[in-house]
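Visitor: Fold the following and give me the result.
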Amino acid sequence: MADLFEDYHLGPGWDEMFGEPGMPRQTYEALHATLQPLSSAELEVRADVLARAFLDQGITFALKGVERPFPLDIVPRIIAADQWRTVSSGVAQRVRALEAFLADIYGPARVLADGVVPRRLVVTSAHFHREAAGIVPHNGVRIHVAGVDLIRDEQGTFRVLEDNVRVPSGVSYVMENRRAMAHVLPEVFASTRIQPVESYPAQLLRALRAAAPAGVVDPTVVVLTPGVHNSAYFEHALLAREMGVELVEGRDLVCVGNEVAMRTTGGEQRVDVIYRRIDDEFLDPVHFRADSVLGVAGLLNAARAGRVTIANAVGNGVADDKLLYTYVPELIRYYLAEEPILPNVETYRLDDGPDVLDHVLDRLDQLVLKPVDGSGGSGIVIGSQASDEELAQVRERILIDPRGWIAQREVALSMVPTLIGNRLRARHVDLRPFAVNDGERVWVLPGGLTRVALPEGALVVNSSQGGGSKDTWVLASPTATPHPDDAPVLADLTVGGADQSPAAPTPDPGPGIAETSARQQQQQQQQQQQQQQEQRQEQGRQVRGEGGRC
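Guide: Residues are numbered from 1 along each chain as shown. Modelled structure (predicted):
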């Protein structure tokens, strides 16, 4: 074996590349065959090309006040077609159940009357907004975009870690990771049949147009950003450009008589759908924070009058409250009459009673403690890695507010080889698939954002905590039938089969892909990348206003 894998040790989690030391799983055979002959120096050169490309294009993030390229590891993560069908169906199932839940609690609230979810859980959630009650979207969609965070446990089973249905971010990295990887590992693309990701903006635009108010035939869609200093501004600009719609700030919009208009050089133009990337609290100073200069005064009234659609809907945050997360399996049964496809991680509700609370407090050093309204990995305490002082502090905070915390068993997240220095080392990863709902179909982007914890032994993968990312390759099924809405595949030759993982419910095959020449597609990719690189601008730093951080 090449020196890249010298001293490579299987970690405490499920190793996704190796079933045994030196023996790659079937899904990774082509990648392993490509990496094995490479020297560490050559791989480092390719990794430097990735970093420079991201820096030149402004794909950066701020860590401890320093602007740096978003770390993209050169070793991709690969998911077999049959495994992805389970993931895709499970994510879509959760989105449908959470859609039904949101429609219910901002309407008749039957789920509360039937005792499936405690009323106190909803009314005490920081993200339950009574201002959103009675607002019924034209096509019934409140979750236009969802990001569902998954992990693979010690047996390789995919489990849901949390749901993100407010303003989930990170899809721009999915698209840019793929474009970059097509250049630095072209030989693997030529021998691997991978499902594409470039159709995401088209799918998103389709969903946003479908959400337009009643009677609007040719809706005007805009992307509402907090501004250039927001940490996700690159994503806002990229999606607006790829969809061919205007990128606006709050000062560019005006709301008069429940009509929303965009200021242009040719006068005011009516706006029908706003894909907002601003948190609820900053969206409308009339109903929320009066000091906000990021939003638009009167926007919520316009939505209530049915004159504009806000995507995602105001008040969605109650559905990704981490305490509500523990009830999602029951919500699936209640609303869909189905069994959950993807299991949750075993979780304790600390306000369930003194017995549960005492059980958790006695085992703080064995559990993961999470604030229910935290994001970006902030506030998480991993008991086995915490000091006595940290455990004492979290104990005190839990006793003051049990409803504000959940506890989960510490899962040894699955691991994928990652370039650390000049060697490949096992590092923990998670996965954020992105789902788009147009009211008729919940489409799940094949792959999503794989985040990797770069420090040895670390379990927190968020970029705000020093994590990086990997390109996520979903292998295409050789027997799949193309869906008319899906884009062609990047390369056409397939790798063997799927690696074996624990059995999970397998739904009907999902959308397939069309076959084209690998050489032609590589040329198309290079031309497309060159065109988009010429358009790229530098963006940066962070400002308040957007949640759902990576």
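Visitor: Have a look at the chain and report its longest strand.
Guide: In the chain, ranked by residue count with DSSP state E as the criterion, the top strand is strand 423-432.
Visitor: Next, the buried residues of that strand.
Guide: For strand 423-432, burial by neighbour count (16 or more other C-beta atoms under 10 Å) applies to 423-432. To be clear about C-beta, it is placed using only N, CA and C from the backbone, and glycine gets the same treatment.
Visitor: which of those residues has the weakest pLDDT?
Guide: Sorting these by confidence puts R423 at the bottom, with a pLDDT of 86.
Visitor: residues contacting that one?
Guide: By C-beta atoms under 8 Å, 6 or more residues apart in numbering, R423 lies in contact with 3-8, 40.
Visitor: Equivalent analysis for S125, please.
Guide: 317-318, 321, 323-324, 372-373.
Visitor: Minimum pLDDT in those, which residue is that?
Guide: Among these, pLDDT bottoms out at D373, giving 81.
Visitor: Is it correct that that residue falls within a strand?
Guide: No - under DSSP: H, G, I helix; E, B strand; the rest coil, D373 sits outside any strand and is assigned coil.
Visitor: and the next element down the chain from the longest helix along the chain?
Guide: The single longest helix within the chain, with elements called by DSSP state H, is helix 81-105. Sequence order places helix 110-113 as the next helix or strand after helix 81-105, per DSSP states H and E.
Visitor: now R307: how far from M181?
Guide: From R307 over to M181 the distance is 43 Å, taken as C-beta to C-beta, to the nearest Å.
Visitor: quick one, which of these two is more surrounded?
Guide: More neighbours surround M181 than the other of R307 and M181, with 24 against 19 (other C-beta atoms under 10 Å).
Visitor: Phi first, then psi, for the more buried one.
Guide: The phi and psi values for M181, taken as degrees, to the nearest 10, are phi -70, psi -30.
Visitor: List the contacts of it.
Guide: The contact partners of M181, by C-beta under 8 Å, 6+ apart, come to 50, 72, 74, 76, 189, 471.
Visitor: Just the element for the first one, please.
Guide: When you say that, I think you mean L50. helix 40-56.
Visitor: Now do that helix against strand 423-432: the angle between them, please.
Guide: With axes from the mean of the first three to the mean of the last three C-alpha atoms, to 10 degrees defining the directions, helix 40-56 sits at 40 degrees from strand 423-432.
Visitor: that older thread, check which element follows the longest strand of the chain along the chain.
Guide: The C-terminal neighbour of strand 423-432 among helices and strands, as given by DSSP H and E, is strand 434-437.
Visitor: how many other residues sit next to Q36?
Guide: Burial measure for Q36: 12 neighbouring residues, criterion other C-beta under 10 Å.
Visitor: now do I105
Guide: Neighbours of I105 under the rule other C-beta under 10 Å: 24.
Visitor: if we can go back for a sec, which helices and strands sit right next to the helix holding L50?
Guide: strand 66-69, strand 72-79, helix 171-184, strand 415-420 (3 or more C-beta pairs under 8 Å, 6 or more residues apart in numbering; DSSP states H and E).
Visitor: Quickly, which of those bottoms out on average pLDDT?
Guide: Taking the mean pLDDT of the helices and strands packed on helix 40-56, strand 66-69 comes last: a mean of 66.
Visitor: can you list contacts of stretch 354-366?
Guide: By C-beta under 8 Å, 6+ apart, the list of residues contacting stretch 354-366 from outside reads 348-351, 367, 383-384, 386, 391, 394-395, 398-399, 402, 407, 409-410.
Visitor: swap in stretch 379-388?
Guide: 363-371, 374, 390-391, 394, 410, 457, 459-460.
Visitor: Now, these that are in helices?
Guide: Counted as lying in helices by DSSP H, out of the contacts of stretch 379-388, are 390-391, 394.
Visitor: if we can go back for a sec, what angle separates the longest helix of the chain from strand 423-432?
Guide: Going by the same axes, to 10 degrees, helix 81-105 makes 40 degrees with strand 423-432.
Visitor: circling back to that earlier point, in ChimeraX, select just the buried ones from the contacts of stretch 379-388.
Guide: One line in ChimeraX is enough to select the buried ones among the contacts of stretch 379-388; burial here means 16+ other C-beta under 10 Å:
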select :364,367,368,369,370,371,391,394,410,459,460
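Visitor: Now for the closest residue to L367 other than its chain neighbours, how many residues are close by?
Guide: For L367, the nearest residue in space outside its immediate sequence neighbours is A407; the separation is 4.5 Å by C-beta to C-beta, 6 or more residues apart in numbering. As a burial measure, A407 scores 26 neighbours (other C-beta under 10 Å).
Visitor: other SSEs contacting the one helix or strand A407 maps to?
Guide: Counting by DSSP H and E, the element that carries A407 is strand 405-409. In this structure, strand 405-409 packs against strand 347-349, strand 367-371, helix 388-400, with contacts taken as 3+ C-beta pairs under 8 Å, 6+ apart.
Visitor: what's the helix or strand for I274?
Guide: Residue-wise, I274 maps onto strand 273-276 under DSSP H and E.
Visitor: Run through the neighbouring helices and strands of that strand.
Guide: Looks like strand 273-276 contacts helix 200-210, strand 221-224, strand 309-311 (3+ C-beta pairs under 8 Å, 6+ apart).
Visitor: Nearest to I341, out of the helices and strands packed on helix 40-56?
Guide: strand 72-79 (15.4 Å; C-beta to C-beta).
Visitor: which residues are in contact with that closest one?
Guide: Residues outside strand 72-79 that contact it (C-beta under 8 Å, 6+ apart): 16, 27-28, 31, 35, 43, 46-47, 50-51, 54, 87, 173, 177, 180-181, 184-185, 188, 416-419, 424, 429, 431, 447, 450, 452, 468-475.
Visitor: 6 Å instead?
Guide: Residues lying outside strand 72-79 but in contact with it, judged by C-beta atoms under 6 Å, 6 or more residues apart in numbering, are 27-28, 46-47, 50, 177, 416-419, 450, 452, 468-474.
Visitor: Quick check: which of the helices and strands packed on helix 40-56 is buried the most?
Guide: Among the helices and strands packed on helix 40-56, judged by mean count of other C-beta atoms under 10 Å, the one packed with the most neighbours on average is strand 72-79 (a mean of 25).
Visitor: quick one: strands adjacent to it?
Guide: Neighbouring strands of strand 72-79 in its sheet, by DSSP bridges, are strand 468-474 (parallel).
Visitor: In PDB, list the C-alpha atoms belonging to stretch 174-194.
Guide: This file holds the C-alpha atoms of stretch 174-194, laid out as PDB (Å, rounded to 0.1, in the frame of the first residue of the first chain):
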ATOM      1  CA  VAL A 174     -22.100  21.000  -2.100                       C
ATOM      2  CA  MET A 175     -22.100  22.600  -5.600                       C
ATOM      3  CA  GLU A 176     -18.700  24.200  -5.400                       C
ATOM      4  CA  ASN A 177     -17.100  21.100  -3.800                       C
ATOM      5  CA  ARG A 178     -18.200  19.000  -6.800                       C
ATOM      6  CA  ARG A 179     -16.900  21.500  -9.400                       C
ATOM      7  CA  ALA A 180     -13.500  21.700  -7.700                       C
ATOM      8  CA  MET A 181     -13.200  17.900  -7.200                       C
ATOM      9  CA  ALA A 182     -13.900  17.300 -10.900                       C
ATOM     10  CA  HIS A 183     -10.600  19.100 -11.600                       C
ATOM     11  CA  VAL A 184      -8.400  17.500  -9.000                       C
ATOM     12  CA  LEU A 185      -9.500  13.900  -9.300                       C
ATOM     13  CA  PRO A 186     -10.600  13.600 -12.900                       C
ATOM     14  CA  GLU A 187      -9.500  10.000 -13.200                       C
ATOM     15  CA  VAL A 188     -12.000   8.900 -10.500                       C
ATOM     16  CA  PHE A 189     -14.800  10.800 -12.300                       C
ATOM     17  CA  ALA A 190     -13.900   8.900 -15.400                       C
ATOM     18  CA  SER A 191     -14.400   5.600 -13.800                       C
ATOM     19  CA  THR A 192     -17.300   6.300 -11.400                       C
ATOM     20  CA  ARG A 193     -20.900   6.900 -12.200                       C
ATOM     21  CA  ILE A 194     -21.900   9.700  -9.800                       C
END
